[in-house]
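[1] quick one, fold the following:
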Amino acid sequence: MGQKGSSGLFRAVSAFGVVGFVRFLEGYYIVLITKRRKMADIGGHAIYKIEDTNMIYIPNDSVRITHPDEARYLRIFQNVDLSSNFYFSYSYDLSHSLQYNLTVLRMPLEMLKSETTQPRQESFDIFEDEGLITQGGSGR
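    Below is the predicted model:
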C-alpha cells in the first residue's frame, strides 16, 4: 500500500481531491478522489468526472476501536457509486448555473463586496405587489 520516501514516511494514496469526511461508529473516514477524467472546459475552467474514490480510516488502523456494525455501515456507504455522474472543478462553481456564474464574473469587484456586506432579506411575500390579502396583513 505504500511507497517509502526518504523521510521514513509512506505514501498511502495519491489523490486529486477530497470528496468529504464520513463518520460511522468507530471513527472518521476521508473520501478521496483517486481517479478523474476531464470531461469539458467551460470558459477555460476544466470540469472533471470522478472515476474512482478511496476511503481511508482516520485515525490510523492501529488505534481503531472495533464495533460489530461498522463493516455493515461501511458496505452500505460504499454502495453509493461516486463514479457515476459526479463532477467537480477546481476553479468553476458547479453548484450554480452558467448564467449566474457569468453574471458574477462580470460584476465589478465593488458590487460583489457591497452585496456580501448587506444583510439578506429573510423572506418575501410573492403577493406583496398584487394588492392581495396575505396571512399577516390586509390588501391595499
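
[2] ok, and the closest non-adjacent residue to Y92?
    Leaving aside its sequence neighbours, Y92 sits nearest to H45 (C-beta to C-beta, 6 or more residues apart in numbering; 3.5 Å). C-beta coordinates here come from the backbone N, C-alpha and C atoms, glycine included.

[3] OK, contacts around the one you found?
    Applying C-beta atoms under 8 Å, 6 or more residues apart in numbering to H45 gives the contacts 89, 91-92.

[4] what do you get if the cut-off is 10 Å, keeping everything else the same?
    By C-beta atoms under 10 Å, 6 or more residues apart in numbering, the contact list for H45 reads 89-94, 101.

[5] F86 too?
    19, 33, 48-51, 53, 80.

[6] ranges for the strands of this protein?
    Secondary structure of the chain by DSSP state E: the strands cover 3-4, 10-11, 17-23, 28-42, 45-58, 87-88.

[7] what is the neighbour count of R36?
    18 (other C-beta atoms under 10 Å).

[8] what bridges to D52?
    Under DSSP bridges, the beta-bridge partners of D52 are K35.

[9] how much space separates it from Y90?
    Counting by C-beta to C-beta, to the nearest Å, the separation of D52 from Y90 is 18 Å.

[10] which one of the two has more residues nearby?
    Between D52 and Y90, D52 has the larger neighbour count (other C-beta under 10 Å), namely 13 against 10.
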